[in-house]
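# here are the coordinates; sequence isn't available:
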Ligand SMILES: *Cc1c(COP(=O)(O)O)cnc(C)c1O
């Protein structure tokens, strides 16, 4: 299996090269040259397979050039060591909980998988690697935890000052060792722009071995496919003659792209919903056929505050930039902050289930779109604990746990690329 660029160039690289490069030479994204097909017998028999067997079968074709079967097995067992349960909420609505990992967001699997891939790759390369990421919150904590103490890897995380939750900030800044969190006096988009600038800074890259760990990186994206295989395994017996719809709270569309890839491998999910907040670039695109990035706006579901979703390019590539073809598999909705809080209130009253703001966006988008002959799963992408300032708006009597912000290992900088450069070289 080789990986190619989403915009035309000659590159055709292995999994390892794609992971270490992050972006292609012309600044585009890597995409599998062809998508492997799993036989229908695999899906007929999926309930008899262990979660790790399912993960192995789905991932092996993508990575086999660089990882032995034994290494891949070890990586999967070590990276996916927590449950991803599907629970019934009401009527035809189910939730897929992806917050049982160490930092309580779905990003744990991708970050843990990627760091363990690097530690296996490292054996043939003794240069130190610097992981550089921009985060709107959960990427930072998942990458900090997933890469903590991994030998030969330094991690630099840029986050927008005062725009991540205190809980997320603590998860990023309290580790130390090889993890450095840097608060930027700017927005998430500023952070992402400076990261891109560093990757295009060829002089810098001669001195520093830079790798990205954002959801643009295939080693984070591909393992997220597993969630949808495991969800199908659990929901299969409830489906009867209904078709399955999955609603994914979305920002950069990484999780949604992984679900779509799983579908293209044969997974019987009829359609996906990309559930967005007020950052409606993708929702607008599906309405108008014209892709126009916008500045990001701050919302209650801050991990989705993205004005230019990076994985849009992968979806566009996959569907040959054909809006009709894409719309047959994926729709989008934009949910306001008011609707989000109302949905959290209504859901806890009606069902006793405490949603986090991202899950609330996913649930509302799902239930607005679900048809008679469909059964729906929305994804809970993070634990409500991470967003207590929003939880209290919806559920005032919710008991808060204390968050002490020591910020020990935090650096601060202005919205200025030169400062980032100096930090990377120091
Ligand atoms: C990162 C994140 C999202 C958005 O995921 P994408 O893959 O960027 O679309 C949604 N919810 C939570 C809680 C997140 O941390």
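Here it is on my side, so go on. In this text the structure is predicted, and so the values were computed from the model without any measurement.
# quick one: low-confidence parts of the stretch 101-250 of the chain?
122-126 (pLDDT under 70).
# and the residue of the stretch 101-250 of the chain found nearest the ligand, what does it touch?
When scored by CB to the nearest ligand atom, the stretch 101-250 of the chain has residue 138 as its residue closest to the ligand, at 2.9 Å. C-beta: built from backbone N, CA, C; applies to glycine. For residue 138, the contact set (CB atoms under 8 Å, 6 or more residues apart in numbering) comprises 103, 105-107, 168, 303, 381-382, 386.
# contacting the ligand as well, which ones from those?
Applying CB under 6 Å from any ligand atom, the subset of those adjacent to the ligand comprises 105, 107, 303, 381-382.
# sort out which of those are in helices and list them.
With helices defined by DSSP state H, the entries of these inside them are residue 107.
# in CSV, list the ones next to the ligand among the contacts of residue 138 along with neighbour count and distance to residue 219.
Below are those laid out as CSV (neighbours: other CB atoms under 10 Å; distance: CB to CB, whole Å):
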residue, neighbour count, distance to residue 219
105, 27, 17
107, 31, 12
303, 30, 20
381, 30, 19
382, 29, 21
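# which single one of the ones next to the ligand among the contacts of residue 138 is nearest to residue 221?
Nearest to residue 221 among these: residue 107, at 11.0 Å, using CB to CB.
# let me see the contact set for that closest one.
Residue 107 sits next to 138-139, 141-143, 215, 220 when contact means CB under 8 Å, 6+ apart.
# swap in 6 Å and give it another go.
Residues near residue 107 by CB atoms under 6 Å, 6 or more residues apart in numbering: 138-139, 142.
# ditto for residue 115
With contacts defined as CB under 6 Å, 6+ apart, the neighbours of residue 115 are 146-147, 150.
# same for the ligand: which of those residues are within range?
Within these, nothing lies near the ligand by CB under 6 Å from any ligand atom.
# interface residues of the chain facing the ligand?
105, 107, 138, 215, 249-256, 303-304, 358, 381-382.
# spell out the residue ranges of the strands in the stretch 101-250 of the chain.
129-134, 153-160, 179-185, 210-212, 243-249 (DSSP state E, counting those that start in this stretch).
# identify the residue nearest residue 16 in space, chain neighbours excluded?
Leaving aside its chain neighbours, residue 16 sits nearest to residue 66 (4.1 Å; criterion: CB to CB, 6 or more residues apart in numbering).
# and the one you found, which of the three is it?
Assigned by DSSP: H, G, I helix; E, B strand; the rest coil, the conformation of residue 66 is coil.
# quick one, what contacts it?
Neighbours of residue 66 in contact, by CB under 6 Å, 6+ apart: 14-16.
# residue 386 reaches residue 167, doesn't it?
Yes: counting by CB atoms under 6 Å, residue 167 is a contact partner of residue 386 at 4.9 Å.
# who has more neighbours out of these two?
Neighbour totals were compared for residue 386 and residue 167, and residue 386 leads with 27 against 21 (other CB atoms under 10 Å).
# helix/strand/coil for the more buried one?
With three-state DSSP as the basis, residue 386 sits in helix.
# likewise for residue 283?
Classified using three-state DSSP, residue 283 is helix.
# what is the burial count for it?
A count of nearby residues for residue 283, using other CB under 10 Å, gives 21.
# what is the burial count for the nearest residue to residue 108 once chain neighbours are set aside?
Ranked by CB to CB, 6+ apart and with sequence neighbours excluded, the top spatial neighbour of residue 108 is residue 101, at 2.9 Å. By other CB under 10 Å, the residues close to residue 101 number 24.
# tell me which stretches of the stretch 101-250 of the chain form helices.
For the stretch 101-250 of the chain, applying DSSP state H, counting those that start in this stretch gives helices covering 107-121, 138-147, 166-173, 188-199, 202-207, 218-221, 225-239.
# highest mean neighbour count out of the ones you listed?
Per-stretch averages of neighbours, counted by mean count of other CB atoms under 10 Å, single out helix 138-147 among the helices of the stretch 101-250 of the chain, with a mean of 28.
# distance from the chain centre to that one, please.
From the chain centre to the centre of helix 138-147 is a distance of 11 Å (CA atoms, centre = their mean, to the nearest Å).
# go on, stretch 188-206?
In terms of CA atoms, centre = their mean, the centre of stretch 188-206 is set 20 Å apart from its chain centre.
# before we move on, what about stretch 337-350?
24 Å.
# again with stretch 162-171
On CA atoms, centre = their mean, the centre of stretch 162-171 falls 18 Å from the chain's centre.
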